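>>> Sequence plus the predicted model coming up.
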Amino acid sequence: MKAKASYSVKKWEEVTFRQISPEMKMTKASVLYEFSGDLQGMASVEYLMFYRHFDPNDQHKASASYVGLIHFEGKLLGKSGSFVFEDNGTFEGGSANSSLRIAQGSGTGALKEIYGTGMYLANKDGFHLELDYDFH
């Protein structure tokens, strides 16, 4: 089964925990997303990020890799519950591209047996997620 959604950033709190060089650093970001479309609800995320290049004057010029765990809670095509995405992505040229995998055994409620993969793209045109999923 396939699902599509868009999302918006409701909170983004990022702190540097390792400054490697003036342009290179590692950070941790706590993020809150709101989803609409086939996925409706909220998602809280913890990201660990590595910036190969960081421009303090223009964050959209950064080059970074990141991993995260996204806990989604809400409805997927009318089914209520929650699950966790494992997020692995890159940020380059003002665009975030991620591969997603639903963490095994993370589903609750009507989404208890969910599994699957997906992707999202976040850029100047918006925030779009696609999910290919099924139930055991």
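Noted; the coordinates are in hand.

>>> and for the longest strand seen in the chain, what are the contacting residues?
Ranked by residue count, the top strand of the chain under DSSP state E comes out as strand 2-19. Applying C-beta atoms under 8 Å, 6 or more residues apart in numbering, the contact partners of strand 2-19 are 25-40, 42-43, 49, 76-77, 120, 126-133. Yep, even glycine has a C-beta here, placed from its N, CA and C like the rest.

>>> Strand 2-19 and the very next helix or strand once past it, what's the angle between them?
Downstream of strand 2-19, the first helix or strand assigned by DSSP states H and E is strand 25-37. Using axes from the mean of the first three to the mean of the last three C-alpha atoms, to 10 degrees, one finds that strand 25-37 and strand 2-19 are set 160 degrees apart in direction.

>>> hmm, who's touching strand 25-37?
Residues beyond strand 25-37 that count as contacts (C-beta under 8 Å, 6+ apart) turn out to be 3-20, 41-51, 54, 68, 70, 72, 74, 127, 129.

>>> For that strand, buried residues please.
25, 27, 29, 31, 33, 35 (16 or more other C-beta atoms under 10 Å).

>>> In contact with residue 51: list those residues for me.
Contacts for residue 51 (C-beta under 8 Å, 6+ apart) come out as 23-27, 62-64.

>>> With residue 126 instead?
residue 6.

>>> at 10 Å instead, please
With contact set as C-beta atoms under 10 Å, 6 or more residues apart in numbering, residue 126 has these partners: 6-8.

>>> now swap in residue 49 and tell me
Taking C-beta under 10 Å, 6+ apart as the contact definition, residue 49 lies against 14, 16-17, 25-29, 62, 64-68, 89, 91.

>>> And residue 112, by the same measure?
For residue 112, counting by C-beta under 10 Å, 6+ apart, the contacting residues are 79, 81-83, 105-106, 135-136.
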